[in-house]
Each structure stands twice: as C-alpha cells, then as structure tokens.
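> Show me the folded form of this:
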Amino acid sequence: MARAKKKKLSLEELLEEAIVKKEDRPYEVPENWVWTKLGNIIKVSSGKSLTSKKMISEGTIPVYGGNGVTGYHNDFNVEAPIIVIGRVGFYCGSVHFIKENAWVTDNALIVFFSKDKIDINFLYWLLSTINLRKNDSSTAQPVISGSKIYKLEFPLPPLPEQQRIVEVIESLFVKLDAAKELVQNALDSFENRKAAILHKAFTGELTAKWREEKGVSLDAWENKKLGEIAKFIGGGTPSKSVYDYWNGEIKWASVKDIKGDYIYSTLDYITEEGLNNSSSNLCEIDDLILVTRISPGKTVIAKDRIAINQDLKIIKTYINALFLHYYFVFYEQEIVSKSSGSTVLGVRLETLKEIKICIPSIEEQQEIVRILEDLLGNEQRAKELCDVIEKIDLMKKAILARAFRGELGTNNPEEESAVELLKEVLKEKL
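Residues are numbered from 1 along each chain as shown. Modelled structure (predicted):
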C-alpha cells in the first residue's frame, strides 16, 4: 500500500510550529523578539574531504577543518563570507567566521542562511554562545549534525536590532582586546624574565658575586641524579563509594590543588579511615609535592600535613626544598618533553630519578632561594595583574549573554516584530 503524501503546511502553520511556546522559553526577551529554533533559519552541510596528501604547502587557499586552518590548497569550495562549525572530534561545535574563499573539509559543517534577513556577524556571535554539542550523545568520538543542532532554541531579534547588537559587541570587544594585548605583553615579559633568572640561578651566575666574597669555586657544585638526593612517596584515592572515607579533617590534594609555590589548603578532605584504607600518604610540613600526571613537573611546598592522590608524589630530600622546587620550575618543560601518554601525559618515576641536577652547598642553596624569592616575588606581584586576562574573557562572555537577552540597551520596541522576519525566512520553505 502506497504511503499517503505528507500534507504541505501553510505559512501560518509553519510559523506556529517555528515559534517556541511561551512556557518552554528559557528566559524573557524584548516583546518584538521571537523564540525559535536554529533549524528554522539555518541549514548545514558537510564540506568535502581533502586529505593532507592532497594539500599544497605553497597554496594560497586556506583549508578549514574542525579547528580552523589545517593547511592550504589551490582551489576553494566555499565563497566568503561564510560560517563553519567543527563537525567531529575534540573541536566539534567550534565556530569559525571565514572572510576569504576557502576549502572546507568534511570535518566541518558549512552554514547556509538568508543573508538578506539574518546578519552574518550576528549569527556568528549567536552560534559562538550556543552549546552546539548539547545534543551530542556519542560516548567515543564526539560528532554533531544538522539534526542535532536544528533543535536548539534561541531568541531572534529584528534585523536592525541584530546589526546594532553586532556594533556594540564589536566596539566593546575592540577595547577589551586592546587591554588584553597589553596584559599579555606583560605576562610574556614576566615569563621571559623568569626563565632568564632561573637559568642564571642553576648555572651559578646568580650567586657568582656571593661565591667570590666567600672564596667558593663553582667547581664545588656537585652533579647528582634526583634519585640520589630525593625519596619519592606515592599517593592514592580512597574509595568514592564509601561515605565514611570522605569529608573528614585531613586535607587531600589532587592536581587541581597544585598552584603557585605553596599549598595551604585543598578542595577535598578525607577521614583517618579513608587514609588508612587507601594507598594515599600524608606529607609533612615543608615537604615538596610533585605532579606526575596531567601537568607533570609542577611542584609546591606543603605548608600543612596533606594527603595526596595517585597523580602526585611526596618528595623528601636533604637539600633545601625551595631550592629543589625552583629547580622543578626551571626544568618543568623538560619533564613535559620526557612524559608520555596518548590522552593524559605522565612521567615515569624511573625517568624522574635519572634527572641530573647540580647542587651547591646548603649555604649557597639558601642564598639562591633568598635571591629568587626577592626577584620572583616582585615578579609574582606583576603576574597577579595578568590575571586580568581571565577577567577580560569573563567580561566578553557576560557581554554576549546580555546581548542575546536584549539587555545591551539597543532594542527599539517600536520596530516591527521579528515574527515578521521569521515569516519571510519560512516563506522560502514553501
């Protein structure tokens, strides 16, 4: 028996389906905006496969994959301006605004829409704020498709309001980006100076004058392996299924707690019973704690008795702990390069024990630490100013959130409702 043909909906019926019911709208927006779904204003299509072998290094056409430019070619399959969305992998859902002719691969989705009815800049900022992976149900390789993102709801303003929103966003972002660049320059300067200071500290240059005054030769420094001067003690995690092991009075550190030079507190706490029934161990005050997985090479000095998890090691040493801490700061990138792991980086204990270090006398170690704390202490205060970068990024998110709630003060309630705009878009489907 032949299937009955699906009834073709009228414009009014299409409109009724397209508008999100009042009770389902996440938040209030100006009255002349309309809540609808992405599938009513955009369509997406995968790009065309282009293997790395077919790319041309001296080509002039950028090739876009899921995370932006992946190479170059001599031909294009999309004309600018265009918006693309990462389709598969870690970067699926990332949004790119392409302002030049390009080749888009099948790792990305090309966005099609009525450019005379929807402002492309508005659409770019809108898509950038929406969680396009919301309906991704894959457990292995993340993938998004049109059918998944078409269901996502958003508030559509009239076209003139879209353009005013873009103008405000971009005007504010220009100022924030200029401020961020200044702060980033300060951060880069800090990191470069810090690296230079640490290099001088562990090559003997920083204390050359001190040795001259003390009549000490650089030849007095001893070459050792970490395994010869340090004892490494591992950690563990009490069973999360046993309530009595958690929320006690013992501080329990994991990688997220390892920041700066010292550790005073932790986000998680365990009980004595949890400590005794796991492979976790407790450090003493002024022990060094080293990260061996996720962010290998980072260290802090413990300023309290703290238990550790399996991604950390307690280091007990007869040399000055701060001296060794600063050595790890100096040597951190080398440790990262000696680490391995396809998903999570980790460094093996045997590798750590083989790391070589030149050790001066305890007295000279103390002098090196004194100078470093003085120099890097001042630098640390400068670095704290660079935390403004994070605040700038938060400010951008706040601006975008307000923009798509109609809270930038740009809306004109006298303008024609976006329902009429939505009608015009839907007419193209008839």
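
> need the helices for the stretch 151-300 of the chain, in chain order.
Along the stretch 151-300 of the chain, counting by DSSP state H, counting those that start in this stretch, helices occupy 159-201, 208-214, 226-229, 272-276.

> Show me how this structure divides into domains.
Listed by the TED database, the domain ranges of the chain are 11-158+415-428, 160-221+360-409, 224-346.

> Please identify which of those domains is closest to residue 353.
domain 224-346 (3.0 Å; C-beta to C-beta). Just so you know, the C-beta spots here come from the backbone N, C-alpha and C atoms, and that holds for glycine as well.

> who touches the longest strand anywhere in the chain?
Using DSSP state E, we find that the single longest strand of the chain is strand 246-253. Applying C-beta atoms under 8 Å, 6 or more residues apart in numbering, the contact partners of strand 246-253 are 238, 240, 263, 265-266, 268-275, 280, 282, 289, 304-309, 312.

> Just the C-alphas of stretch 53-70, formatted as CSV.
Provided in CSV are the C-alpha atoms of stretch 53-70 (Å, rounded to 0.1, in the frame of the first residue of the first chain):
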residue,chain,number,x,y,z
LYS,A,53,48.5,14.5,0.9
LYS,A,54,46.3,16.5,-1.5
MET,A,55,47.0,19.8,0.3
ILE,A,56,49.6,22.1,-1.2
SER,A,57,52.0,23.7,1.1
GLU,A,58,52.6,26.7,-1.2
GLY,A,59,48.9,27.0,-1.9
THR,A,60,47.0,30.3,-1.3
ILE,A,61,43.6,29.0,-0.4
PRO,A,62,43.2,28.1,3.3
VAL,A,63,41.8,24.7,4.2
TYR,A,64,39.4,24.6,7.1
GLY,A,65,38.7,21.6,9.3
GLY,A,66,37.0,21.3,12.7
ASN,A,67,39.5,23.7,14.4
GLY,A,68,40.3,26.3,11.8
VAL,A,69,43.0,26.3,9.2
THR,A,70,44.7,22.9,8.7
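
> tell me the mean pLDDT for that stretch?
Confidence for stretch 53-70, expressed as mean pLDDT, is 90.

> Need the contact partners of it.
If you take C-beta under 8 Å, 6+ apart as the criterion, stretch 53-70 is touched by 47, 50, 52, 71-76, 84, 86-92, 94, 96, 98, 100-105, 107-108.

> before we move on, the earlier item: so for the longest strand of the chain, what gets flagged as buried?
For strand 246-253, burial by neighbour count (16 or more other C-beta atoms under 10 Å) applies to 246, 248, 250-253.

> Would you point out the helix or strand in the chain whose mean pLDDT is lowest?
The weakest-scoring helix or strand in the chain, judged by mean pLDDT, DSSP states H and E, is helix 362-385 (a mean of 85).

> by contact count, what packs against it?
helix 159-201, helix 208-214, helix 321-337 (3 or more C-beta pairs under 8 Å, 6 or more residues apart in numbering; DSSP states H and E).

> Show me what counts as buried in the last one.
What that stands for is helix 321-337. By 16+ other C-beta under 10 Å, the buried positions in helix 321-337 come out as 321-332, 335.

> so how far is the helix or strand just after it from its chain's centroid?
Counting by DSSP states H and E, the next helix or strand C-terminal to helix 321-337 is helix 349-353. Centre-to-centre, helix 349-353 and its host chain are 29 Å apart (C-alpha atoms, centre = their mean, to the nearest Å).

> Alpha carbons only: can I get the next helix or strand after helix 349-353 in CSV?
Scanning forward in sequence from helix 349-353 by DSSP H and E, the next helix or strand is strand 356-359. Extracted in CSV, the C-alpha atoms of strand 356-359 (Å, rounded to 0.1, in the frame of the first residue of the first chain):
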residue,chain,number,x,y,z
LYS,A,356,70.5,15.4,36.7
ILE,A,357,70.9,18.4,39.0
CYS,A,358,74.0,20.5,40.0
ILE,A,359,73.9,21.1,43.8
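
> Return the set of buried residues in strand 356-359.
For strand 356-359, a neighbour-count test (16+ other C-beta under 10 Å) marks 357, 359 as buried.

> Starting from it, tell me which strands it pairs with and how they run.
strand 222-225 (antiparallel) (DSSP bridges).

> circling back to that earlier point, make a ChimeraX selection of the buried ones in the contacts of stretch 53-70.
Buried members of the contacts of stretch 53-70, defined by 16+ other C-beta under 10 Å, are picked up in ChimeraX with:
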select :47,50,71,72,73,76,84,86,87,88,91,92,94,96,98,101,102,103,104,105,107,108
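
> Among the contacts of stretch 53-70, name the ones in strands.
71-73, 84, 86, 96, 98, 103-104, 108.

> nearest to residue 152, of those?
residue 86 (15.5 Å).

> thinking the closest one is in contact with residue 107, fair?
Yes. Between residue 86 and residue 107 there is a contact at 7.0 Å, judged by C-beta atoms under 8 Å.

> ok, now which ones touch the residue lying closest to residue 133 once chain neighbours are set aside?
Nearest residue to residue 133, sequence neighbours excluded (C-beta to C-beta, 6 or more residues apart in numbering): residue 93, at 4.2 Å. Contact partners of residue 93, counting by C-beta under 8 Å, 6+ apart, are 85-86, 131-133, 136, 142, 144.

> out of those, which is most surrounded?
Most neighbours among the contacts of residue 93, by other C-beta atoms under 10 Å: residue 86, with 24 neighbours.
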